[in-house]
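**Q** Any chance you could fold what I've pasted below:
(chains A and B)
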2 protein chains.
Amino acid sequence: MNGIKNSLVVTTSDEASAIKSSLDYALKNSDIVLLTGGLGPTKDDITKKTLCDYFGGKLVRNDTIYNLIKAYFEKRDRPFLESNMELAMMPDNCEVIINKKGTAAGMLWQKNNQIIASMPGVPYEMKNMMEENIFPLLKHKYATNSIVHKTLMVAGLGESIIAEKIKSVEENLPEFIKLAYLPNLGILRLRLTGNGSDRSLLEEKIKVEAEKIKALLKGYYYAEDEKRIAETIQDLFIANNLKLGLAESCSGGDISAEIVKIAGSSKYYKGSIVAYDYDIKEQILEVDNMLIQEKGAVSEDVVITMATNARKKLNADYAIGVSGIAGPSGGLPEKPVGTVWMGFSSKNKAFAKKLIFPLDREKNIRLTTNYALINLLKFVKEELVF
Amino acid sequence: MNGIKNSLVVTTSDEASAIKSSLDYALKNSDIVLLTGGLGPTKDDITKKTLCDYFGGKLVRNDTIYNLIKAYFEKRDRPFLESNMELAMMPDNCEVIINKKGTAAGMLWQKNNQIIASMPGVPYEMKNMMEENIFPLLKHKYATNSIVHKTLMVAGLGESIIAEKIKSVEENLPEFIKLAYLPNLGILRLRLTGNGSDRSLLEEKIKVEAEKIKALLKGYYYAEDEKRIAETIQDLFIANNLKLGLAESCSGGDISAEIVKIAGSSKYYKGSIVAYDYDIKEQILEVDNMLIQEKGAVSEDVVITMATNARKKLNADYAIGVSGIAGPSGGLPEKPVGTVWMGFSSKNKAFAKKLIFPLDREKNIRLTTNYALINLLKFVKEELVF
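**A** This next block holds a predicted model:
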């Protein structure tokens, strides 16, 4: 929620001492403590009794809750069991929160300017209580600060190189804006978080910083928010009425699968020839056997030929060709495990890039996919400028 | 881990005071405290410095780590930046844990009979440290009860049907053996867990129950442990010197990518023609345009032709052809979203199966992959019997 910072999450076991000590800890470090779970009628649910003890109360029958529960069961033609009676026993020193989606009521204590709320663990019951009871209370009690996030998606560069490139911006960020690096296999989410009282001012300031970062990471920044590279590619290709084809060896169909994950990809994507075996490279992609013999399947010439021939055979405007050594074996002194050549072809140009990925087989394949896609995007954008 | 109870999980923010107070709390309530994250070279990562302060040490350059990091960057032809130097500064009062999968080293303190370990947040780096350093330490320090697991991998049947089939075994399990159902997109892990003091007796008893379950799930059970279907297929194909090819439409390369994830797949896997566009189905796979017009691309006849032509073009002994409507749009009254036809072809036989998957686009694609692979495995096994 705006301006309330989630400083701490504690997961604890269903034991009274553990619950009490977690509560001690949370109350020492926070103004608001929200508890979920442990309110059901079964023996393992002890949170209600424990909280009641903790705040020095005792459990008494709450007639409102009793009648609601009885009605709840009657409406559903379900027997009203002895254990259900327990659900109507509530601490005598809390405000009771009615559960509109189930039978376990919530509890609220306001003590020493702190708020403690206990809600059921069933997600939609808890969410309903949050929305109908807790958020309105918090909004009323705290004139809140705003928190604004903006995420920049970056790919194709290592985290420390990116940090180096944007050092000047990072070092001069206003104090109320923080920057977090969230990397995942070749893709980095740069998340700017601003905290302050004036939301629109905050949004403006964050935008200024975001634009500075984008300018410094030109070619590597590809979208805002949690977008995949394939989504940005899809938008660009469809907007420019372009078609894409692939020829994959070491990535084994992973680039294709990443593209097809996005709904609507059939509007620009033609397909992939996954030429895993040498035979297929020669027979379907028509890469010259002599070229493979001479240069090796993992080579600049072969991936350029793969890309160019895939482009033609698949009637595409652009194509990628990829060949590499994903690992764990198959490395050579001059081509260690992780070596990947990726070729790119358009009507006007063909070129290749060599990369060396340091991880295991599956992750090297994911890295190959992400690097191939970001380099394709860069290539197409550059050609569209002219 | 055996006999060690996870009593508490705390998620805290990247602020020194929050980290310290979480640590206070965890140390008051536990014998072992494992921390993850916050060890990277960027400014927002302050855990190392904070822990160093907490335990009253100071950061000094660690030559072993320095040399490892330098070598790491040199091996990858990446520049060694100033910020990377930070990675070699370690507290002078901890045991340093070498990170075999990355550059941020771990730290270990053993104080007052408590263990505090700090590991990087990148999951595979952390897991490697847990396996190579932390688990062995804990095993050495604590003598524990035995817990024995055995996981049976099952695919191609719904969870409730499986439960019905193995009811007789489940109801008569000895009290010290539990059975868990762990389903994931068409694949079900049935995990037997035994708990007791005599490990070899436990292993024997679990094996007996596992064999009973396997017998009841013949054709659907495919392997023990966490094996993927593609691994079982790979073993079977290589042992029988068979080759595999694919023609994929709606799965978009996902079946191929799943096969290629397994190291050694080049020994039996030829490749895939990802014919996403109609053009490619006609031009590369030579599916008759008239057939597509008449029956539709998502039809029994088309997937059988795709499988048969892929088998021939890719010089394979077996091939799968898949076409369907992954969603979210594109459904028809007689072919709703989620409809997938999968065809299978060998020298002797060709047939197709229709399935209707109920989930979203990405999950329907994963279901397609898993059902295609388990049906291929069944088909090949049946043919090998004769």
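
**Q** after the helix or strand containing A:Pro136, next one along is what?
**A** If you go by DSSP states H and E, A:Pro136 is part of helix A:135-141. Remark: after helix A:135-141, the chain's next helix or strand is strand A:146-155, criterion DSSP H and E.

**Q** Just after that following strand, pick out the following helix or strand.
**A** Counting by DSSP H and E, the next helix or strand C-terminal to strand A:146-155 is helix A:159-165.

**Q** Next, the buried residues of that following helix.
**A** A:159-160, A:162-165 (16 or more other C-beta atoms under 10 Å in any protein chain shown). To be clear about C-beta, it is placed using only N, CA and C from the backbone, and glycine gets the same treatment.

**Q** Mind putting those residues into a markdown table with pLDDT and distance to B:Glu248?
**A** Converted to a markdown table, those look like this (pLDDT from 0 to 100; distance: C-beta to C-beta, whole Å):
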| residue | pLDDT | distance to B:Glu248 |
| --- | --- | --- |
| A:Glu159 | 88 | 34 |
| A:Ser160 | 88 | 38 |
| A:Ile162 | 95 | 35 |
| A:Ala163 | 94 | 40 |
| A:Glu164 | 94 | 41 |
| A:Lys165 | 96 | 39 |
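
**Q** can you list the residues of the stretch 1-150 of chain A near chain B?
**A** Residues of the stretch 1-150 of chain A found near chain B (C-beta under 8 Å from any C-beta of the partner chain) are A:5-13, A:18, A:21-22, A:25, A:28-29.

**Q** what about the residue nearest the centre of chain A, distance to B:Val9?
**A** With distances taken as C-alpha atoms, centre = their mean, the residue of chain A nearest its centroid is A:Glu226 (6.8 Å). The spacing between A:Glu226 and B:Val9, counted by C-beta to C-beta, to the nearest Å, is 25 Å.

**Q** between the lengthiest helix in chain A and strand A:146-155, how many degrees?
**A** With secondary structure taken from DSSP state H, chain A has its longest helix at helix A:361-385. If you take axes from the mean of the first three to the mean of the last three C-alpha atoms, to 10 degrees, helix A:361-385 sits at 90 degrees to strand A:146-155.

**Q** Which parts of the stretch 151-300 of chain A are helices?
**A** Counting by DSSP state H, counting those that start in this stretch, the stretch 151-300 of chain A has these helices, from start to end: A:159-165, A:167-171, A:199-216, A:229-239, A:254-260, A:278-283, A:289-295, A:300-313.

**Q** Any of the residues of the stretch 1-150 of chain A next to chain B buried? List them.
**A** Buried members of those, scored by 16+ other C-beta under 10 Å, are A:7-8, A:10, A:12, A:18, A:21-22, A:25, A:29.

**Q** Name the residues that touch stretch A:74-92?
**A** Residues from elsewhere that reach stretch A:74-92 (C-beta atoms under 8 Å, 6 or more residues apart in numbering or on different chains): A:41-42, A:48, A:51-52, A:55, A:57-63, A:65-66, A:69-70, A:73, A:96, A:103-105, A:107.

**Q** Now, of the residues you listed, which are buried?
**A** Neighbour-count burial (16+ other C-beta under 10 Å) applied to those gives A:48, A:51-52, A:55, A:57, A:62, A:65-66, A:69, A:103-105, A:107.

**Q** Can you tell me which of those residues end up in helices?
**A** In this view, the buried ones among the contacts of stretch A:74-92 that belong to helices under DSSP H are A:48, A:51-52, A:65-66, A:69.

**Q** Looking at those residues, spot the one nearest B:Thr193.
**A** In terms of C-beta to C-beta, no member of these lies closer to B:Thr193 than A:Lys48, at 31.0 Å.

**Q** Using PDB, write out the CA atom coordinates for the helix holding A:Pro136.
**A** Provided in PDB are the C-alpha atoms of helix A:135-141 (Å, rounded to 0.1, in the frame of the first residue of the first chain):
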ATOM      1  CA  PHE A 135      -7.000  -1.100   4.100                       C
ATOM      2  CA  PRO A 136      -9.800   1.400   5.000                       C
ATOM      3  CA  LEU A 137      -8.500   1.400   8.600                       C
ATOM      4  CA  LEU A 138      -4.900   2.000   7.500                       C
ATOM      5  CA  LYS A 139      -5.900   4.700   5.100                       C
ATOM      6  CA  HIS A 140      -7.900   6.400   7.800                       C
ATOM      7  CA  LYS A 141      -5.200   6.200  10.400                       C
END
